[in-house]
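Engineer: Okay, sequence plus prediction incoming.
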Amino acid sequence: MEKDYLQMLAQVVLPAEILEYFSIRGIEQSATEIHISLDEKMSPELSSDAHYESKGFMEAVNVTDFPIRDHKVILKIRRRRWTDTRTGKSFSLPISLDIVAKGTRYSKEFGAFLKVLHPHT
């Protein structure tokens, strides 16, 4: 029951649809920042195929999102790295999640908010 409430809270706090592709790995808080670590979920199609292996994660990408209670929010997003055992080539799956404002490291929603707040910057 408690997990359902935590899941609902995460859906409200995080950018829309992010929990479809990523799992929350951890949350760290300092006096001024909240870091939410997100790992790409395992692909059932690839994990059940003997020709593909998950080889861990790529380096995390930091995305700044809306502040929460006067704390800067940093989403630390790690994409899964896959290897095709037949060719040895590494790749990541394309996902249809567009959360970063073009040319920035801000979430789209937060970038749009900042643009309205400071239209000439």
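Structural biologist: Alright, I've got the coordinates.
Engineer: Tell me the bridge partners for the residue nearest the centre of the chain.
Structural biologist: The centroid of the chain falls nearest to residue 77 when counting by C-alpha atoms, centre = their mean (3.9 Å). Residue 77 forms beta bridges with residue 38, residue 61, as assigned by DSSP bridges.
Engineer: so it sits right up against residue 64, yeah?
Structural biologist: No: between residue 77 and residue 64 there is no contact under C-beta atoms under 8 Å: 11.7 Å. Any C-beta I mention is one placed from the backbone N, CA and C, and that applies to glycine too.
Engineer: Just the CA coordinates for the longest helix belonging to the chain, please, in PDB.
Structural biologist: Counting residues, the longest helix found in the chain (DSSP state H) is helix 2-13. C-alpha atoms of helix 2-13 as PDB (Å, rounded to 0.1, in the frame of the first residue of the first chain):
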ATOM      1  CA  GLU A   2       2.800   2.500   0.900                       C
ATOM      2  CA  LYS A   3       4.600   1.700  -2.300                       C
ATOM      3  CA  ASP A   4       1.500   2.800  -4.300                       C
ATOM      4  CA  TYR A   5       1.600   6.200  -2.600                       C
ATOM      5  CA  LEU A   6       5.300   6.600  -3.300                       C
ATOM      6  CA  GLN A   7       4.600   5.700  -6.900                       C
ATOM      7  CA  MET A   8       1.900   8.300  -7.100                       C
ATOM      8  CA  LEU A   9       4.100  10.900  -5.600                       C
ATOM      9  CA  ALA A  10       6.900  10.100  -8.000                       C
ATOM     10  CA  GLN A  11       4.500  10.400 -11.000                       C
ATOM     11  CA  VAL A  12       3.500  13.900  -9.700                       C
ATOM     12  CA  VAL A  13       7.100  15.100  -9.100                       C
END
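Engineer: tell me what it is packed against?
Structural biologist: helix 18-21 (3 or more C-beta pairs under 8 Å, 6 or more residues apart in numbering; DSSP states H and E).
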